[in-house]
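In: Predicted model and sequence below, questions to follow.
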Amino acid sequence: MNARKLMVVALLMMTAVVTAAGASPQAPRSPRENPPTPRGQDATSPTTRPQPKSPALDRFEQEFGFRQRYWRPVLRIGQDYALRANEVVRSVTVVFGNVRIDGRVEGDLVVIFGPVTLSNTAVIKGSFVVVGGNATVQSGAIVRDEVVVIGAGLDVPENFIFGSGHFVVGTRALGAWMESVVPWVTYGLLWGRPIVASLGWVWNIVGLFLLVYLLINLVAHDPVTATASVLATRPLGSFMTGLLVLLLAGPVSALLAVSIIGLAVIPFALAALVVAGFVGRVGVLRAIGNTVMRPDEPGSRLQALRSFVIGFALVTLTYMVPLLGFMAWALFGVLGLGAAVLAFLTAWRREHPKVEKAPRVRRSAPLSTPPVEPAPSTTLGDDDAETGGDPAGAASFAVGGGAAAASMPGVFASNLASFPRAAFLDRAAAFVIDVVLLLFVSELLDQQSRYRDDDLLFPLLLIYFIGFWVWKGTTIGGIVANLRVVKINGGELSFLEGLVRGLTSVLSFGALGIGVLWILRSDLIASDGRPARQAWHDLAAGTYVVKVPKGYPLP
């Protein structure tokens, strides 16, 4: 019985083992017998053969021999760039950097101020553009579009293939020179300094300017001395004058270009401006040297040369400082130009003294009219300070107001500049009245018109002011506020002077209103000892705005 049970149990165990062996998976094979599943193939696939690639990827690999890994545009400024053989990018633009291309560029390759190398595996599907650098192309490189090389050298093999036009402007020497400018741009221009001490060619330019400035200092000794003295006594006036000259150079040239005669004047005017700029810069160098070591003999050429050398050395060191270099260069240029212009105007007045003209008498004035005696100074009180003690200006307010003015139109017209200068609030009130009036008229015209055009408001304002200044010496707002625009010498404005005053008034308002607020500077004293109260456009046109009594006749 026991033997039978043992046989049955053994038979059942054998059956279970066989069944389990049939249901269990196969034993794992060795790596050689079971290779890894290729990328992109399903792990449950019954076959171990890799699936075929897509037609586009297969054609891509057959044509270029590598897979696409990156698809991006590349922009580098001031840095080098290298594209490896197994990389693809959309486009490459490098400024101030070295470039090496071993891979493929789907778009354009643009290199500005830097050398570039295309290896034998490089493929440029777009254009290949190099500006200011040398380009080296190895055998086997492909460019499918045009090749443009400007101011650079191009080294290509005989079997170089490009699919479109081939344009080369410049030589290898020009490309090498333009490539040498890259360090100055990187370490000079971007740092805000004109002199980079580590570049040898920069010192050649500094030496050239030293010779030119030294020649000007020796030949134009007297103009440079006058410019340096103006800088020492009137630095703020020199800066403002230089700024006005620079800002007015463009508009004045445009006005002169309108006429045929003006076209002939423009070259001489620009040449005079350049000469004044050079003389002014030498005057700045001389003035800086004079502050360091004051000359014992102002007229000594040897001491003037010493001051010039000291100033040039200090300015050269200043030009090496980052950020401060270009700021000092611009400041010295404006100061020098303004001082040279002021020195020229001073010399012109000295050589051409002003001739006093007889008072203009109108025919309508009765010849037998007795002259009006000026009122005593005791009746004026504090107004003497405003009129500067001038009898004609004070008498207009002390004797009869408008009646006195009407009885002597000729005398008052000739002495119009002697009236007190208009205050800032009076001028502001007149301007507001004019603008409101013109806005009202413009609104009426727009209602009558079918189309509305707000762009005409500014030209209308300019034409309105210039026309009234030249025609009546004032505007409607000026008539209400009793203001008149008069030249410094008491004369009436010409059309050219009114045009200059109108154009520069745009600058006065455009410079954050600083040119208009310049009226508040009471420390600017005119030649007659009274506050000038001039805006920038008054300084440019040589005019005053005066306050006249009520009922004063218009010209």
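Out: Thanks, I have the structure now.
In: Longest helix in the protein, by number of residues?
Out: Using DSSP state H, we find that the single longest helix of the chain is helix 260-292.
In: Beyond that helix, next helix or strand please.
Out: Using DSSP states H and E, the helix or strand that follows helix 260-292 in sequence is helix 301-319.
In: Packing partners of whichever helix or strand comes after that next one?
Out: Downstream of helix 301-319, the next assigned helix or strand under DSSP H and E is helix 324-351. Here helix 324-351 touches helix 221-233, helix 235-258, helix 260-292, helix 301-319, going by 3 or more C-beta pairs under 8 Å, 6 or more residues apart in numbering; DSSP states H and E. Glycine gets a C-beta too; all of them are placed from N, C-alpha and C.
In: what angle separates helix 324-351 from helix 235-258?
Out: 80 degrees (axes from the mean of the first three to the mean of the last three C-alpha atoms, to 10 degrees).
In: Now helix 324-351: average pLDDT?
Out: Mean per-residue pLDDT for helix 324-351: 90.
In: Also stretch 199-212?
Out: Taken as a whole, stretch 199-212 has a mean pLDDT of 92.
In: heads up, I number from 57, so please use that
Out: Sure, I'll start numbering at 57, so the last one becomes stretch 255-268.
In: Which parts of it count as buried, going by neighbours?
Out: For stretch 255-268, the neighbour count (16 or more other C-beta atoms under 10 Å) marks Leu255, Val258, Leu266 as buried.
In: again with stretch 588-606
Out: 588-597, 599-605.
In: Send over that stretch as PDB, restricted to the C-alpha atoms.
Out: Only the C-alpha atoms of stretch 588-606 are listed here, as PDB (Å, rounded to 0.1, in the frame of the first residue of the first chain):
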ATOM      1  CA  ALA A 588      18.800 139.800 -20.700                       C
ATOM      2  CA  ARG A 589      15.900 137.300 -20.000                       C
ATOM      3  CA  GLN A 590      16.600 135.500 -23.300                       C
ATOM      4  CA  ALA A 591      15.500 132.000 -24.300                       C
ATOM      5  CA  TRP A 592      17.600 129.900 -26.600                       C
ATOM      6  CA  HIS A 593      15.800 131.100 -29.700                       C
ATOM      7  CA  ASP A 594      16.400 134.700 -28.500                       C
ATOM      8  CA  LEU A 595      20.100 134.000 -28.200                       C
ATOM      9  CA  ALA A 596      20.200 132.400 -31.700                       C
ATOM     10  CA  ALA A 597      18.300 135.200 -33.400                       C
ATOM     11  CA  GLY A 598      19.800 138.100 -31.300                       C
ATOM     12  CA  THR A 599      16.400 139.400 -30.000                       C
ATOM     13  CA  TYR A 600      14.800 140.700 -26.800                       C
ATOM     14  CA  VAL A 601      11.200 140.500 -25.800                       C
ATOM     15  CA  VAL A 602      10.300 143.800 -24.100                       C
ATOM     16  CA  LYS A 603       7.300 145.100 -22.100                       C
ATOM     17  CA  VAL A 604       5.700 148.200 -23.600                       C
ATOM     18  CA  PRO A 605       3.100 150.500 -22.100                       C
ATOM     19  CA  LYS A 606      -0.600 150.000 -22.900                       C
END
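In: what helix or strand does the closest residue to Leu513 other than its chain neighbours sit in?
Out: Nearest non-adjacent residue to Leu513, counting by C-beta to C-beta, 6 or more residues apart in numbering: Ser498, 5.8 Å away. Ser498 is part of helix 480-504 when elements are defined by DSSP H and E.
In: for the record, mean pLDDT for that helix?
Out: What helix 480-504 shows for mean pLDDT is 81.
In: Show me what it is packed up against.
Out: Judged by 3+ C-beta pairs under 8 Å, 6+ apart, helix 480-504 is in contact with helix 513-528, helix 532-536, strand 539-543.
In: Columns distance to Phe388 and secondary structure on top of the buried residues of stretch 255-268, output as CSV?
Out: Shown next, in CSV, are those (distance: C-beta to C-beta, whole Å; DSSP: H, G, I helix; E, B strand; the rest coil):
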residue, distance to Phe388, secondary structure
Leu255, 22, coil
Val258, 18, helix
Leu266, 15, helix
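In: re earlier: which parts of the longest helix of the chain are buried?
Out: For helix 316-348, the buried set under the neighbour-count rule, 16+ other C-beta under 10 Å, comprises 329, 332-346.
In: out of the helices and strands packed on helix 380-407, which comes closest to Gly244?
Out: helix 357-375 (9.6 Å; C-beta to C-beta).
In: contact partners of the closest one?
Out: 249-251, 262, 266, 269-270, 273-274, 277, 280-281, 284, 338, 340-346, 348-349, 351-353, 380-381, 384-385, 388 (C-beta atoms under 8 Å, 6 or more residues apart in numbering).
In: at 7 Å what do you get?
Out: When contacts are defined by C-beta atoms under 7 Å, 6 or more residues apart in numbering, helix 357-375 is touched by residues 249-251, 262, 266, 269, 273, 277, 281, 338, 341-342, 344-346, 348-349, 351-353, 380-381, 384-385, 388.
In: same check, this time on stretch 489-501
Out: If you take C-beta under 7 Å, 6+ apart as the criterion, stretch 489-501 is touched by Leu513, Leu516, Leu517, Tyr520, Thr531, Ile532, Gly533, Val536.
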